[in-house]
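Q: no FASTA, just this:
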DNA sequence: CTTTTTTATTTGGTATGCCAAATATTTAGA
DNA sequence: TCTAAATATTTGGCATACCAAATAAAAAAG
Ligand SMILES: [Mn+2]
Ligand SMILES: [Mn+2]
Ligand SMILES: [Mn+2]
Ligand SMILES: [Mn+2]
């Protein structure tokens, strides 16, 4: 008997929540399999199990959806993940681009009260170190009014809020470029040819590819 | 592929370490099976695997022993367990008798640096909330010079240091009686008939059975 | 030393979560 | 509409970590 039924299940729910957010027309097994790096046959089995547990449902067009119960569970896992990330950065002095994998482990630890105590200890943070909002204890999350940097307007000023891609490679890249939540930027130039942008932050000017710009969320200043 | 090879293995090593400490003549499968609440056949399989991994060895008389490598691994797991317990009590305000099960989960989380950062954050604690010494980052543990309360002498003063039994039932009992590490006591009376003791702490006097006294470690004051 | 009891070991099974390959089935392109 | 490509499903397997029951071996008791 594997001791951790939570673990796998919670990872599926979380990834399905994140894929749903992206409003793909139809969420299928293959998308989930890619996101979790699993075989579609494996995903099919688990989806069936989660449907039986009333955490997922299949719509008329056979796309996969979270039920209310499933959505709540996903959000509570995301809550744990983000609170642990705050802990790791604010208390243990990890860098914001180092904490994701560790939080992937910590998020599955279950104990009465743990998450709420952690939240209190951390001083009820609203955002995690990557700029993402932390769901409250009921699983309510603040919708976050940001736009992609790729749709920014030349000459305007913005503040970096968060990021679409949470992979190590991307976060390491951002860290190298010293791009992080809270950074104030000005759009200097838009290059139509490759959709790259030139950006000014303080005295430092740099160029970002379209691919990068699509994964950075900003707000007008 | 189960994601957590650590988990089970570390639990075996830890329990074997603790059983070894008790210097039973010969550590066998059944003792381990009882301690972990598993079937002896299961234990046998795992012991073989751990022998193959050079974490355990079988002595001439077939008793089970940790190798140096296994002992170190056990001690590092105990280190993580006890540091997390300190965190839960000192930072998250759990009571000292509530944290063991949670620490059982947290102790298996592996990440470069996590334990040492946690230790630094907690201010390099030497004892956990139950009075047990915390091994250092090399797995060195301070031998802790205590005696069992059951061998205390009438009229003398002692300080409660730690406990042999770490079960919830026992810790809950201690908590109800307000017995915890650091408590100063005087032995008022020893009852020869049932080996129970009468004890004075401040103005409060109470009686403890032999079974309880065997599980409380003290030092002379 | 023989019998009984305890301990160790073997054997055949279970559940979870995973995979690859074969075979539907669906969807979309021509 | 027909067909090719994409997707879903089935099937048979694997690894880990468990168990129960049968048998073998060792230890203790008499
Ligand atoms: Mn993260
Ligand atoms: Mn994050
Ligand atoms: Mn403990
Ligand atoms: Mn402890």
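A: Arrived safely, thanks for sending. Since we're looking at a predicted model, the values are computed, not measured. Residues are numbered from 1 along each chain as shown, chains lettered A, B, ... in the order given. Ligands and ions are numbered 1, 2, ... in the order given.
Q: right, is the helix or strand containing residue A:48 up against DNA strand C?
A: Here residue A:48 is covered by helix A:40-52, with elements defined by DSSP states H and E. Yes. Applying Cβ under 7 Å from any atom of the strand, one finds helix A:40-52 touching DNA strand C at A:41-42, A:45-46, A:49. In this view, the C-beta of every residue, glycine as well, is placed from N, C-alpha and C.
Q: pull out the buried residues from that helix.
A: A:43, A:46-47, A:50 (16 or more other Cβ atoms under 10 Å in any protein chain shown).
Q: quick check, it touching chain B?
A: No. Residues of helix A:40-52 are not located near chain B by Cβ under 8 Å from any Cβ of the partner chain, the shortest gap being 10.8 Å.
Q: what does that helix contact?
A: Helix A:40-52 is contacted from outside by A:8-9, A:12-13, A:29-30, A:32-33, A:36, A:56-58, A:64, A:70, using Cβ atoms under 8 Å, 6 or more residues apart in numbering or on different chains.
Q: likewise for stretch A:10-25?
A: By Cβ under 8 Å, 6+ apart, the list of residues contacting stretch A:10-25 from outside reads A:27, A:31-32, A:35-36, A:43, A:46-47, A:50, A:55-56, A:63-66, A:70-71, A:73-75, A:77-78, A:81, A:107-108.
Q: change it to 6 Å
A: A:27, A:31, A:35-36, A:46, A:66, A:70, A:73-74, A:77, A:108 (Cβ atoms under 6 Å, 6 or more residues apart in numbering or on different chains).
Q: just put these in JSON lines and tack on distance to ligand 4, secondary structure and pLDDT.
A: Below are the contacts of stretch A:10-25 laid out as JSON lines (distance: Cβ to the ion, whole Å; DSSP: H, G, I helix; E, B strand; the rest coil; pLDDT from 0 to 100):
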{"residue": "A:27", "distance to ligand 4": "45", "secondary structure": "coil", "pLDDT": "95"}
{"residue": "A:31", "distance to ligand 4": "45", "secondary structure": "helix", "pLDDT": "96"}
{"residue": "A:35", "distance to ligand 4": "39", "secondary structure": "helix", "pLDDT": "96"}
{"residue": "A:36", "distance to ligand 4": "36", "secondary structure": "helix", "pLDDT": "97"}
{"residue": "A:46", "distance to ligand 4": "37", "secondary structure": "helix", "pLDDT": "97"}
{"residue": "A:66", "distance to ligand 4": "39", "secondary structure": "strand", "pLDDT": "97"}
{"residue": "A:70", "distance to ligand 4": "37", "secondary structure": "helix", "pLDDT": "97"}
{"residue": "A:73", "distance to ligand 4": "31", "secondary structure": "helix", "pLDDT": "97"}
{"residue": "A:74", "distance to ligand 4": "34", "secondary structure": "helix", "pLDDT": "97"}
{"residue": "A:77", "distance to ligand 4": "28", "secondary structure": "helix", "pLDDT": "97"}
{"residue": "A:108", "distance to ligand 4": "22", "secondary structure": "coil", "pLDDT": "96"}
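Q: now a ChimeraX select for only the buried ones of these.
A: Those of those that count as buried under 16+ other Cβ under 10 Å are selected in ChimeraX with:
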select /A:27,31,35,36,46,66,70,73,74,77,108
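Q: so which of the contacts of stretch A:10-25 is the closest to chain B?
A: residue A:108 (8.7 Å; Cβ to the nearest Cβ).
Q: for that closest one, give me its contacts.
A: A:6-7, A:10.
Q: stretch A:58-74: end-to-end distance?
A: 17 Å (Cα to Cα, to the nearest Å).
Q: any regions of chain A where pLDDT drops low?
A: A:1-3, A:5 (pLDDT under 70).
Q: returning to that earlier point: between the contacts of residue A:108, which is nearest residue A:137?
A: residue A:10 (16.6 Å; Cβ to Cβ).
Q: and that closest one, how far from DNA strand C?
A: 10 Å (Cβ to the nearest atom of the strand, to the nearest Å).
Q: remind me which helix or strand that residue belongs to.
A: helix A:5-21.
Q: picking up where we left off before, near DNA strand D too, which of the contacts of helix A:40-52?
A: Counting by Cβ under 7 Å from any atom of the strand, the members of the contacts of helix A:40-52 near DNA strand D are A:29-30.
Q: show the buried residues in the contacts of helix A:40-52.
A: The buried subset of the contacts of helix A:40-52 (16+ other Cβ under 10 Å) comprises A:8-9, A:12-13, A:29, A:32-33, A:36, A:56, A:64, A:70.
Q: can you name the two of those residues that are farthest apart?
A: Within these, A:33 and A:70 form the most distant pair, 18.1 Å apart (Cβ to Cβ).
Q: near chain B, which residues of chain A? Just list them.
A: Counting by Cβ under 6 Å from any Cβ of the partner chain, the residues of chain A close to chain B are A:2, A:91-92, A:102, A:105, A:109, A:111, A:117, A:121.
Q: in strands, which of these appear?
A: If you go by DSSP state E, the residues of chain A next to chain B have nothing in strands.
Q: can you say which of those are buried?
A: Here, 16+ other Cβ under 10 Å leaves A:91-92, A:102, A:105, A:109, A:111, A:117, A:121 buried among these.
Q: ok, now which ones touch the nearest residue to residue A:145 once chain neighbours are set aside?
A: Distance criterion Cβ to Cβ, 6 or more residues apart in numbering or on different chains; nearest residue to residue A:145, sequence neighbours excluded, is residue A:219 at 6.8 Å. Residues in contact with residue A:219 (Cβ under 6 Å, 6+ apart) are A:146, A:159, A:161.
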